[in-house]
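S.K.: turn this into a structure:
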Amino acid sequence: MKISWRGVNLFEVFLFIDPLCKSCRNSENTVLKLSEDIDSKFKLQFVPIYNLKVVQTDFCNSNNQLKKKLSSEELSYLYKNVVLDYKAASFQGIKKGRRYLLAIQDKILSKGLKYSDELAIQTAKECNLDVEMFEEDRRSKLAIDSIEKDQQLVNDMNVDSPASAVIFNCSDSERDGILTRNVEYSTLFRACCDTEFTPDNIKNALSESNLNKSKRNHLHIIK
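M.R.: This is a model prediction of the structure:
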């Protein structure tokens, strides 16, 4: 059952992820569930963080077996291709891109399948992508440029670790966003439904000395 909330009709949510991390995969499910449970419009974007530190580090302490089994070169190859494929799928629509990402993650992370061009193409077919267009885009300059824009967004929003989310209430003329480094359903739910959970109120709360330390560490306001 969806929960209605008057006066709010559109949220933009950026979820920053390590695309080959099970904890980040769970965060994706959390954000998708939130969009289903609240009677508001959501524009969701999964933004892969693609840099050497994320490739080599298990930020989420998820016991990532890939990072234990594969060499640095193999990991770099895997991450680069998965992210490029995701961007190529996204060119056919944000929802199609998410569907592709979720599918390829499940095959690699849950089923333990080895990534290959054949696996990527088969997944594209299963997600009803235009396969010819997907093959053309997946190693294109357009895909590479899109990844670079994502990394600029990571920097602009002061995101320093995966499984972080930035939420914008598009009815807020100031366009301040709420950054949380703790993607929990309850936290995101409050951000979207609680009238007191606004950038201005959080700014005041963050300055209070008695604020819970864990909350102070993972809630921030960004411009």
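S.K.: wait, what's in contact with Val13?
M.R.: With contact set as Cβ atoms under 8 Å, 6 or more residues apart in numbering, Val13 has these partners: Val31, Ser35, Phe42, Lys43, Leu44, Gln45, Ala165, Val166, Ile167, Phe168, Leu188. All C-beta spots, glycine's among them, are computed from the backbone N, C-alpha and C.
S.K.: partners of the helix or strand harbouring it in the sheet?
M.R.: Val13 belongs to strand 10-17 when elements are defined using DSSP states H and E. For strand 10-17, the paired strands and their directions (DSSP bridges) read strand 41-48 (parallel), strand 164-169 (antiparallel).
S.K.: pull out the buried residues from it.
M.R.: Within strand 10-17, the residues scored as buried using 16 or more other Cβ atoms under 10 Å are Phe11, Glu12, Val13, Phe14, Leu15, Phe16, Ile17.
S.K.: stretch 15-28 too?
M.R.: Buried residues in stretch 15-28, counting neighbours by 16+ other Cβ under 10 Å, are found at 15-25, 27-28.
S.K.: what's that stretch in contact with?
M.R.: Contacts for stretch 15-28 (Cβ under 8 Å, 6+ apart): 31, 44-50, 54, 58-62, 64, 66, 78-79, 82-83, 86, 98, 101-102, 105-106, 108-109, 154, 157, 159, 162-166, 183.
S.K.: any chance you could map the helices in the chain?
M.R.: All helices of the chain, identified by DSSP state H, fall at 22-37, 52-56, 66-69, 72-90, 94-105, 117-126, 131-137, 141-156, 185-193, 199-206, 213-218.
S.K.: on that earlier part again, list only those of the contacts of stretch 15-28 flagged as buried.
M.R.: 31, 44-50, 54, 58-60, 62, 64, 66, 78-79, 82-83, 86, 98, 101-102, 105, 108-109, 154, 157, 159, 162-166, 183.
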